[in-house]
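*Asks:* predicted model and sequence follow; I will ask about them next.
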2 protein chains.
Amino acid sequence: MADADGDETPDVHAEIMSATRDYVGRRVERLDAPPSSIEFLRKYVCRNSPFVCANATKDWTAHERWQTKEGFMECCGGPQTKVEAAATRDGRGDAIEYTLGRRVFVEPATMQTTLDDLFSSFEREPKRDEPVLYLSSQNDNLRRVPELRGLLAHCGGESGGLAFADEAFGCVPDAKNVWVGDDRSVTSYHRDYYENLYTVISGTKVFSLRPPCDYPDMRFVKDCAPGRYVFERDPDGRPKWRINVDISAPKVSWSAVDVDPSGKPIHGGEDELLYRAGRPRECALEVEVHSGETLYLPAMWFHRVRQRGLTIAVNSWYDQSFDDRYATRMALDRLADERPTSGPHGLNV
Amino acid sequence: MADADGDETPDVHAEIMSATRDYVGRRVERLDAPPSSIEFLRKYVCRNSPFVCANATKDWTAHERWQTKEGFMECCGGPQTKVEAAATRDGRGDAIEYTLGRRVFVEPATMQTTLDDLFSSFEREPKRDEPVLYLSSQNDNLRRVPELRGLLAHCGGESGGLAFADEAFGCVPDAKNVWVGDDRSVTSYHRDYYENLYTVISGTKVFSLRPPCDYPDMRFVKDCAPGRYVFERDPDGRPKWRINVDISAPKVSWSAVDVDPSGKPIHGGEDELLYRAGRPRECALEVEVHSGETLYLPAMWFHRVRQRGLTIAVNSWYDQSFDDRYATRMALDRLADERPTSGPHGLNV
């Protein structure tokens, strides 16, 4: 690729994106049964390659008990159990918004609710500006939130992991979370510094996956002020939203790939902005994880997550390995930051 | 790092070299016992990290039988058993030489000899221009060379591998070789596209190891014509050496790190040329593998190998994984080729 000054630099990022897909594949592998711990390490963790498998959590009674909302609620104390849900105006938690002409990284409001109200919110006809709720606290909620601990017995118990993964990683998960939401909630592209095992109990999760080498095409916006939704009702009970922007806090870096430059959120699309800004160099690996299936999402893979209907899922995060792969990745990301690619892939938002 | 035109490019290679050592360490880990197959994958193969361990081949009768040359010879048919040894003038097989002002990549001569003559050659006082012999054919010699197959029973048998590694990699080795040489033979820096398990039976091997990210400092010379030593004696029995250069064959790429630009070979030195050309950015990991110990040398690590006294060793090569790590490595190496770093690390030989 030629710079403005005509200097020829090989487009190393494009080469890696293409070659990685040549080796990892352009589809996510599907297995009928979980791998042994050795196969898991050899074929997936070492190779940094995702898979979806059936029957990895056959022993979890959650698969029966949580198929009805009544069953789920019963496992954690009944319909009046209080939980903290994320609340957003449009279903997009942890995403970039345009506010007063600035890019703001907005986290959801938190809302105390009952399980009954949470499930009811998924059944109501959506009304403009009414909060979209998503139980998605990601704080090891199954083990740390007393109201949710009753669920643990139904999804593998206290230690938290899947047997083949506990054995492979040689530890139990750092965090184990339950997620309850519907198709209005979308998680924008991001990456975690954890190995992730993600089991769907009911409903369907739709993941768009991109390997870590896609960083230069994820169009990270570095200068986002952090903010948070605040939800209130006016005296007539009408919903009111504000965004509290913390202008003195350190700036946040977040992917702009699924934000519309006009400021309008995009729902349900497949990498629309990337297409709009110019054809992406490589495609995402799209994968549906159905009830009873488990996704292995390797550390540092970018992922965007949607849901089909009311979806209950449980995930376990295990520490990732910090090694030459990680060292190389971090340096390459800095290279991409310091020499952003020109043309349609540039940071033009 | 500033280019000639003042363009600031982050020195991504230097960053990766330093950060890799922060994670992998600056010393080779030593273990008292072999890891389990799962530990091996988790802590070493996944992390691309070498180790030396004792007691990984306790069941090999080679450790008793091959401690004397008589014992070794007896295991493969006696002193008159014919073998093919590599023969060089100075102990450097597979290395760059200067011939008629050109850089030539020279492979050793091959010499039919008996085991008795091979071992005798290690006992004789070295005489100028007499061939340095090294049994180092690397062609799966333990399984493919009928005269050497008798050794197999004493070093793990037909399948060829170490139990924890066979189980971890899910296969038997592609090749299993025996190496017999002394401290005059030096193997110059190179890398193999195999996972390597290297067991010393008697003597000591000294490895200088550099992780794959050190490629830019290995000063690969791309335009070497391939050649081969030819050894003859004149009518008076005096040794005569020629180098047959194949000027029509494709050029070879080889590391120049342990070649003296004056054309004089360097023996026993620790990265002398690298020091002479400018301080290397990072140090090699030096490790001695003693009798009874096994080195895990991960795929694509650069290694330079010397020996202390008569040394007998057995290694097993397993297929490496071709994944995102490999894709990234190959692209980064091309980047280093196309934008060689300026200053003391440049390709100035």
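*Replies:* Structure received. Computed from a predicted model, the values in this text were never measured in an experiment.

*Asks:* what are the phi and psi values at A:Gly122?
*Replies:* In this structure residue A:122 is Phe, not Gly. For A:Phe122, the backbone dihedrals (degrees, to the nearest 10) come out as phi -80, psi -20.

*Asks:* per-residue pLDDT of it, please?
*Replies:* Per-residue confidence at A:Phe122 stands at 96 (pLDDT).

*Asks:* the lengthiest helix in chain A - contacts with which helices or strands?
*Replies:* The single longest helix within chain A, with elements called by DSSP state H, is helix A:324-338. Using 3 or more Cβ pairs under 8 Å, 6 or more residues apart in numbering or on different chains; DSSP states H and E as the contact test, the elements touching helix A:324-338 are helix A:12-24, helix B:12-24, helix B:324-338. Glycine gets a C-beta too; all of them are placed from N, C-alpha and C.

*Asks:* so for B:Gly203, which of the ones you listed sits nearest?
*Replies:* Judged by Cβ to Cβ, the one of the helices and strands packed on helix A:324-338 that comes nearest to B:Gly203 is helix B:12-24, at 27.3 Å.

*Asks:* got the angle for that closest one vs helix A:324-338?
*Replies:* On the basis of axes from the mean of the first three to the mean of the last three Cα atoms, to 10 degrees, helix B:12-24 is oriented at 150 degrees to helix A:324-338.

*Asks:* hmm, who's touching helix B:12-24?
*Replies:* By Cβ atoms under 8 Å, 6 or more residues apart in numbering or on different chains, the list of residues contacting helix B:12-24 from outside reads A:322-324, A:326-328, A:330-332, A:334-335, B:1, B:47-49, B:211, B:213-217, B:281-282, B:332, B:335-336, B:341.

*Asks:* stretch A:192-199 now?
*Replies:* Stretch A:192-199 is touched from outside by A:45, A:56-57, A:60, A:155, A:161-162, A:165, A:169, A:173-175, A:205, A:289, A:293-300, A:313-320, with contacts defined as Cβ under 8 Å, 6+ apart.

*Asks:* check the offset of that stretch from the chain's centre.
*Replies:* Taking Cα atoms, centre = their mean, to the nearest Å, one finds stretch A:192-199 lying 9 Å from the centre of the chain it belongs to.

*Asks:* and it, what's buried?
*Replies:* By neighbour count, and taking 16 or more other Cβ atoms under 10 Å in any protein chain shown as the criterion, the buried residues in stretch A:192-199 are A:Asp192, A:Tyr194, A:Glu195, A:Asn196, A:Leu197, A:Tyr198, A:Thr199.

*Asks:* likewise for stretch A:113-123?
*Replies:* For stretch A:113-123, burial by neighbour count (16+ other Cβ under 10 Å) applies to A:Thr113, A:Thr114, A:Leu115, A:Asp117, A:Leu118, A:Phe119, A:Ser121, A:Phe122.

*Asks:* is any residue of stretch A:160-172 near chain B?
*Replies:* Yes. Stretch A:160-172 lies in contact with chain B when judged by Cβ under 8 Å from any Cβ of the partner chain; the contacting residues are A:Glu167, A:Ala168, A:Phe169, A:Gly170.

*Asks:* neighbours of the last one, just the number please.
*Replies:* The reference is to A:Gly170. Burial measure for A:Gly170: 14 neighbouring residues, criterion other Cβ atoms under 10 Å in any protein chain shown.

*Asks:* then the first one?
*Replies:* For A:Glu167, the tally of surrounding residues (other Cβ under 10 Å) stands at 17.

*Asks:* do you know how far it is from A:Ser37?
*Replies:* Taken as Cβ to Cβ, to the nearest Å, the spacing of A:Glu167 relative to A:Ser37 amounts to 4 Å.
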